[in-house]
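Colleague: can't give you the sequence, but here's the structure:
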């Protein structure tokens, strides 16, 4: 082993270990086992992909990985020297260890050091083919230099026992890695190498009794050196002892992530938070960190169950203060008279010691103010760790480092469950499928896994099957108790929001959930934020409202438990069979507030008649399992009525032509009836004004006309796909209307005079639309879609002048006979997306395109007369997506396109472009969609297939073409899909909607990959 000289400023490395090896010799045997042993220990290890060795020389990516690694393990095998790749890698490694903070570990797997040093024996035979090559001299020197370092021979270590050999290597790496992160005073310079030399002599991990001496002149640093070695060994042994509980799984990496934030050794007072749902492993993680680093502090205290203790009695908080003081000062005689007295004592007594304090399960800011009020309470170098379910507590206390606890992966869950159920890492034969079922139910929650593993230990297969069957209907009590503690801490209105989400809205888009909850009278945005902060819900990257299965189960159990066998008495109903039984048999009661009925085939008269007794129903969601073509009036049914208390009404494929006459709808806030037979709101000449209605969706219905006078406070009107719709009446002003979608209708005229605050207007595919009247400025209009309308016959500069739309962010046009865009389009300073589709005569874009300073997306499809993209586009610094499909006369791109640092997608499929500008290879992570042949001509060999002739590839190395390995990935609608997270992509399904998903859907079934649709 070679240790290099230290620097007063330590370099931060991306990898702990870099493995250098000959793939054909050891990849699937020794190296694979070593790699997994290192990873299990929490040591971040780089092992190159098999496909990387196909090149003749090592690439920039591999060189960077070598430079970013702290330790190198070189596995010398018989064919190592036959690979010029391995030899170049070795040269780079030996160069790095001379000039940087690196350590080299040579391992002689099936060769001897002398064979490597002299290139004799098997090594000489392997090296023979290189002797005439230019690099032979450098390679010989590197082999000799590496062989001269102290290393390990497999045959002379652990009696050739490979597993023990690997264990010794991992322990050695762990010792020196812990020293790198240890808390030795940073002001002590030059101690690193002497300490490492001492550790090397001690051979931590061997079974021998080792005695070493340190001698020197007085004041020469003997004590300092001994202290450094002592602390490093203590840290390592402490870590080893912290792993005594073999039932802890997956903690190494999580502990390491927390340690990276703690930065043991820096002189600041650092407070970090660990947050997550109940039973998710926060306390276990905090305990793992505490056990590992407590040796480095002058005083320590781990205070558990703060929420429970502080609220259990009037003296609870005072007792916690006393506990902390007694622990860190090691003085059991300390007495705290009051919370105020405790604060004063902590402020005056704690600054004299560097302390480690863990405050576990905090749920109130007052607890933190009493136990860790301000950083100046503590001596520099102190560390405070707080675990909580409530993120807001950490935010309010100005905690800057917050870690989310990740639930267990499937592999970790199987391992943890098996340790509790079988006392081993994998299920025993015959129990594999049953174990999978249990782990699927647990959905990564450690608490559930431990409880079920212990419960099922030693039971027969039949008993397992019965237990799993019971879990489908009766939730696990221990899990519910733990999770419900968070629910109990909510205010009453937040409890109601949570129950609504758990029973009805799981999987909904956040914006949609807000509309539903506001319709039901809740303060939705603030409420959902509180639930997220309390770790009860999460928002996915694509905006869906998610709950862990057991949290949803807990909420549903709260609704059902008072009357478990009488669904008619539940406030919320979501199980299809129960709802249909109540409706068919007329069992409804005033208790029911919400109903969500999916895929029902009940006729509308049975549904409506069954609702008669539900006098307090505010939420009704019905999704018919069929599309009726019957055009029926409510009067043809004897019992066509709806509860007048309804605030939210959704009925997909509503079969009647209008709303029931008896329905007053005075409280109705949201009405959604997509794909329905409705042709008018009310039958005949009846004109009921819906004064509270804010959201109206009658998309793809039979509606022909609509009068906004009936909905004076409407905010959102969606009539897309109403193919018979011809007239929108606006007799009165509608100041609250912000969203208007009339796409694919037969509307030919629209006057926006009475809609002054409109934000979104969609008139796409209105093939008869000819006139748009907008007499005054509309600075609030942000999204405007005119694609496919007859407005193409008019001058775009006249209807209305684009300069009036100064707040526009998205503009979509499809104008067949326009040759030039009006210059005024460059005045749209806030425009983020410009889409021009099938503008067949468009010849050029404005020269001052760079005035669109906010533009992120420019999409020009089927603009078959367009010949040029102005050079000014290279100055649009925010541009991310440039799509030019089927612009057949376009032959070149601006030479300076590569200066667009934000550019992520370039689609030039179907263009006349023959070459790419050289500057484009300066861009990182650029996805290029182009013909297969063109991409291959530029050296792209591994492509993402979009169609038979079209492919895409990525540029992601400065100055170098590189590729990604991805499978063909086509959605059923034949839209091409390209993954943004490279290089792996996993098959996924569409995101389930809360309006269609089964109540059995679990969090771990929801898609994780984020995909990008290329238009």
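Modeller: In hand now; what should we look at? As the structure is a prediction and not an experimental result, all values here were calculated from the model. Numbers count the residues shown, from 1 in each chain.
Colleague: can you pull the contacts of residue 554?
Modeller: Each residue near residue 554 by Cβ atoms under 8 Å, 6 or more residues apart in numbering is listed here: 475, 479, 480, 483, 484, 487, 502. No exception for glycine: its C-beta is placed from N, CA and C like everyone else's.
Colleague: What strand or helix carries it?
Modeller: For residue 554, the enclosing helix or strand under DSSP states H and E is helix 549-560.
Colleague: If you count neighbours, what's buried in that helix?
Modeller: By neighbour count on 16 or more other Cβ atoms under 10 Å, the buried set for helix 549-560 is 549, 550, 551, 552, 553, 554, 555, 556, 557, 558, 559, 560.
Colleague: Show me how far the helix or strand residue 168 falls within is from its chain's centre.
Modeller: In the assignment (DSSP H and E), residue 168 maps to helix 162-180. How far helix 162-180 lies from its chain's middle: 33 Å, per Cα atoms, centre = their mean, to the nearest Å.
Colleague: ok, back up a step: redo the contacts of residue 554 as JSON lines? Include pLDDT.
Modeller: What follows is those, written out as JSON lines (pLDDT from 0 to 100):
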{"residue": "475", "pLDDT": "78"}
{"residue": "479", "pLDDT": "83"}
{"residue": "480", "pLDDT": "84"}
{"residue": "483", "pLDDT": "85"}
{"residue": "484", "pLDDT": "89"}
{"residue": "487", "pLDDT": "90"}
{"residue": "502", "pLDDT": "94"}
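Colleague: By neighbours, which of the residues you listed wins?
Modeller: The most crowded member of these is residue 483, carrying 27 neighbours; neighbours defined as other Cβ atoms under 10 Å.
Colleague: residues contacting that one?
Modeller: Neighbouring residues of residue 483 by Cβ under 8 Å, 6+ apart: 277, 278, 279, 550, 551, 554.
Colleague: what do you get for residue 392?
Modeller: Contacts of residue 392 by Cβ under 8 Å, 6+ apart are 530, 533, 534.
Colleague: what sits against the nearest residue to residue 867 once chain neighbours are set aside?
Modeller: Distance criterion Cβ to Cβ, 6 or more residues apart in numbering; nearest residue to residue 867, sequence neighbours excluded, is residue 889 at 4.9 Å. Going by Cβ under 8 Å, 6+ apart, residue 889 touches 864, 865, 866, 867, 912.
Colleague: Would you agree residue 889 falls within a strand?
Modeller: No: Residue 889: not assigned to a strand; according to DSSP: H, G, I helix; E, B strand; the rest coil it is coil.
Colleague: So residue 765: helix, strand or coil?
Modeller: coil.
Colleague: hmm, I was thinking of residue 929
Modeller: Following three-state DSSP, we place residue 929 in the strand state.
Colleague: now residue 842
Modeller: Once three-state DSSP is applied, residue 842 turns out coil.
Colleague: Distance of the residue lying closest to it once chain neighbours are set aside relative to residue 887?
Modeller: Distances taken as Cβ to Cβ, 6+ apart place residue 863 nearest to residue 842, at 4.8 Å, with adjacent residues excluded. To residue 887, residue 863 is 5 Å away according to Cβ to Cβ, to the nearest Å.
Colleague: now residue 520
Modeller: 49 Å.
Colleague: between those two, which one's more packed in?
Modeller: residue 887 (25 against 20).
Colleague: From residue 953, how far out is the more buried one?
Modeller: Counting by Cβ to Cβ - residue 887 and residue 953 are separated by 20 Å.
Colleague: now residue 836
Modeller: Residue 836 sits at a distance of 26 Å from residue 953 (criterion: Cβ to Cβ).
Colleague: Could you please name the strands the host helix or strand of residue 858 pairs with and the direction of each pair?
Modeller: Using DSSP H and E, residue 858 maps to strand 857-861. With DSSP bridges as the test, strand 857-861 is paired with strand 833-837 (parallel), strand 881-883 (parallel).
Colleague: host element of the residue most central in space within the chain?
Modeller: In the chain, the C-alpha nearest the mean C-alpha coordinate belongs to residue 541, at 5.8 Å (Cα atoms, centre = their mean). Assigned by DSSP H and E, residue 541 belongs to neither a helix nor a strand.
Colleague: shift numbering so it begins at 33
Modeller: Yes, from this point I'll number from 33; that puts the last item at residue 573.
Colleague: Quickly note the distance from it to residue 735.
Modeller: For residue 573, the distance to residue 735 (Cβ to Cβ) stands at 36 Å.
Colleague: and if you look at residue 865?
Modeller: In this structure, residue 865 and residue 735 are 30 Å apart, going by Cβ to Cβ.
Colleague: neighbour-wise, which of these two wins?
Modeller: Shown here are residue 865 and residue 735; by other Cβ under 10 Å, residue 735 has more neighbours (21 against 17).
Colleague: That one contacts residue 710, doesn't it?
Modeller: Yes: in terms of Cβ atoms under 8 Å, residue 735 counts as a neighbour of residue 710; the distance is 6.4 Å.
Colleague: First-to-last residue distance for stretch 146-164?
Modeller: End-to-end distance for stretch 146-164, by Cα to Cα, to the nearest Å: 22 Å.
Colleague: can you count the residues close to residue 156?
Modeller: By the measure other Cβ under 10 Å, the count of residues near residue 156 is 14.
Colleague: and what of the one 10 residues further on?
Modeller: By the measure other Cβ under 10 Å, the count of residues near residue 166 is 7.
Colleague: now swap in the one 5 residues further on and tell me
Modeller: Burial of residue 171 is recorded as 21 neighbouring residues (other Cβ under 10 Å).
Colleague: Apart from its neighbours in sequence, what residue is nearest it?
Modeller: Using Cβ to Cβ, 6+ apart and skipping residues adjacent in sequence, the residue nearest residue 171 is residue 119, 4.2 Å away.
Colleague: Local confidence estimate at the one you found?
Modeller: pLDDT for residue 119: 93.
Colleague: got it, and residue 311?
Modeller: 86.
Colleague: Quickly find the element holding the closest residue in space to it that isn't next to it in sequence.
Modeller: Nearest residue to residue 311, sequence neighbours excluded (Cβ to Cβ, 6+ apart): residue 479, at 3.0 Å. If you go by DSSP H and E, residue 479 is part of helix 478-488.
Colleague: quick one, the following helix or strand past that helix and helix 478-488 angle?
Modeller: The helix or strand immediately downstream of helix 478-488 is helix 493-503, counting by DSSP H and E. Relative orientation of helix 493-503 versus helix 478-488 (axes from the mean of the first three to the mean of the last three Cα atoms, to 10 degrees): 140 degrees.
Colleague: How far does helix 493-503 sit from its chain's centre?
Modeller: Distance, centroid of helix 493-503 to centroid of chain: 34 Å (Cα atoms, centre = their mean).
Colleague: Which strands or helices does it pack on?
Modeller: Packing contacts for helix 493-503, counted by 3 or more Cβ pairs under 8 Å, 6 or more residues apart in numbering; DSSP states H and E, involve helix 464-474, helix 478-488.
Colleague: Run through who's touching it.
Modeller: Under Cβ under 8 Å, 6+ apart, the answer for helix 493-503 is 462, 463, 466, 469, 470, 473, 484, 487, 488, 491.
Colleague: With pLDDT, distance to residue 391 and neighbour count added, can I get these in CSV?
Modeller: Shown next, in CSV, are the contacts of helix 493-503 (pLDDT from 0 to 100; distance: Cβ to Cβ, whole Å; neighbours: other Cβ atoms under 10 Å):
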residue, pLDDT, distance to residue 391, neighbour count
462, 88, 45, 8
463, 91, 40, 18
466, 91, 40, 17
469, 90, 38, 15
470, 90, 33, 24
473, 88, 32, 20
484, 89, 30, 25
487, 88, 31, 17
488, 89, 35, 21
491, 88, 39, 14
